[in-house]
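> model the following, please.
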Amino acid sequence: MRIWIGLSLAAVMAFGCFPCTGQAQMIVAHRGASFVAPENTLASFREAWNQGADVIEGDFYLTKDGQIACIHDKTTKRTTGGSADLKIADSTLEELRRVDVGAWKNAKYAGETIPTLAEVLATIPEKGKIFVEVKCGPEIVAPLQTALKESKLRDDQIIIICFDKEVVTQCREQMPQYKASWLTSYKKDDKSGQWNPSLDSVVATLKQTGATGLGTQANDTVVTPDFVKEIKDAGIECHVWTVNDPKQAQRYAGLGFDSITTDKPEEIRDAVTGGGK
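Modelled structure (predicted):
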């Protein structure tokens, strides 16, 4: 308790604000515990739960035959170590299941296959949650609605996240029982020196889509105390990705973020709670 109070006071001094709740931030395992296990595999998600993650984050595409597969890229090239180069949208689930997406990370994970959304959802414990990141377009919304409805999870265990504004809008309209975050990164204009999107644009998009949360890239220049205050004042949750540095994690904890997404859930939890000190 003394350690956490110390961190909170340090955050006030460094960033000018208390965390917005008295509770620790949710620790979100990025593609599972992907620092040690092959991303977006059942092995990675199970390792995330073993490391004490509050939430797992997985990436999902719609396959040629209308199934929802858990993979980050548009093709299998990177996560098969180049042994197979199948485009997800042009492949059936059966075809995708034939490729090994574990051996590239470590020989002990050889044989890991691309899981379905249903299989990933089945790993979630009673107190766990999932960030379902949609990597394709609105064509996934109807199948996603069916798959989530068929799961045994409570509505509050599911949060949909996406960079695509239309996907977020449709998910909020068709599945209002689930929270949904709009994701954004930032690009600096070489001429003006301004970062885009601007804070005004971010707030406008959140309101336009009906998003319940913002999933922001961990850009320390853009994400200031004033930035966070304006998002929070609009009634929007703040989530950050992907933070693997303990000091940076402490910064976002001090800014009052609702969750911190990381490849290293155990290490980052220790950083923000003092558990490893």
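> ok, residue 110 - contacts?
By CB atoms under 8 Å, 6 or more residues apart in numbering, the contact list for residue 110 reads 100, 102-103. In short, each C-beta sits where N, CA and C put it, glycine included.
> can you check the pLDDT for it?
Here the pLDDT value assigned to residue 110 is 98.
> so where is the stretch 101-250 of the chain shaky, pLDDT-wise?
For the stretch 101-250 of the chain, applying pLDDT under 70 flags no range at all.
> what is the burial count for the nearest residue to residue 117 once chain neighbours are set aside?
Nearest non-adjacent residue to residue 117, counting by CB to CB, 6 or more residues apart in numbering: residue 68, 4.0 Å away. Neighbours of residue 68 under the rule other CB atoms under 10 Å: 23.
> can you pick the most crowded of the contacts of residue 110?
For these, the largest number of neighbours (other CB under 10 Å) sits with residue 102, at 23 neighbours.
> ok, residue 159 to residue 222 distance?
For residue 159, the distance to residue 222 equals 22 Å [CB to CB, to the nearest Å].
> so between the two, which is more surrounded?
Comparing residue 159 with residue 222 by other CB under 10 Å, the one with more neighbours is residue 159, at 24 against 19.
> returning to that earlier point: out of the contacts of residue 110, which sit inside strands?
Using DSSP state E, the subset of the contacts of residue 110 located in strands is empty.
> dump those residues to TSV, plus distance to residue 234.
Below are the contacts of residue 110 laid out as TSV (distance: CB to CB, whole Å):
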residue	distance to residue 234
100	45
102	42
103	46
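> show me which of these is closest to residue 119.
residue 102 (14.5 Å; CB to CB).
> the closest one reaches residue 115, doesn't it?
No. With contact defined as CB atoms under 8 Å, residue 102 and residue 115 do not form a contacting pair (11.2 Å).
> quick one on the thing from earlier: the residue nearest to residue 117 bridge partners, please.
Applying DSSP bridges to residue 68 gives these bridge partners: residue 62.
> which ones are touching it?
60-62, 116-118, 140, 143-144, 147.
> mark which of the residues you listed are buried, thanks.
The neighbour count (16 or more other CB atoms under 10 Å) marks 60-62, 116-117, 140, 143-144, 147 as buried among the contacts of residue 68.
> so which of those sit within helices?
117, 143-144, 147 (DSSP state H).
> let me see the ranges of the strands in the stretch 51-200 of the chain.
Along the stretch 51-200 of the chain, counting by DSSP state E, counting those that start in this stretch, strands occupy 55-62, 68-70, 129-134, 158-162, 179-184, 187-188, 195-196.
> need those strands in TSV (columns: distance to residue 123).
Converted to TSV, the strands of the stretch 51-200 of the chain look like this (distance: least, CB to CB, whole Å):
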stretch	distance to residue 123
strand 55-62	7
strand 68-70	11
strand 129-134	9
strand 158-162	14
strand 179-184	20
strand 187-188	35
strand 195-196	37
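> for residue 234, find the nearest of those strands.
strand 179-184 (12.3 Å).
> and after the host helix or strand of residue 215, which helix or strand comes next?
In the assignment (DSSP states H and E), residue 215 maps to strand 213-217. With elements assigned by DSSP H and E, the helix or strand that comes after strand 213-217 is helix 225-233.
> how far does that following helix sit from its chain's centre?
20 Å (CA atoms, centre = their mean, to the nearest Å).
> next, the buried residues of it.
So, applying 16+ other CB under 10 Å, buried residues of helix 225-233: 227-229, 231-232.
> and the angle from that helix to strand 213-217?
Counting by axes from the mean of the first three to the mean of the last three CA atoms, to 10 degrees, helix 225-233 lies at 160 degrees to strand 213-217.
> per-residue pLDDT, residue 275?
Taking residue 275 on its own, its pLDDT is 73.
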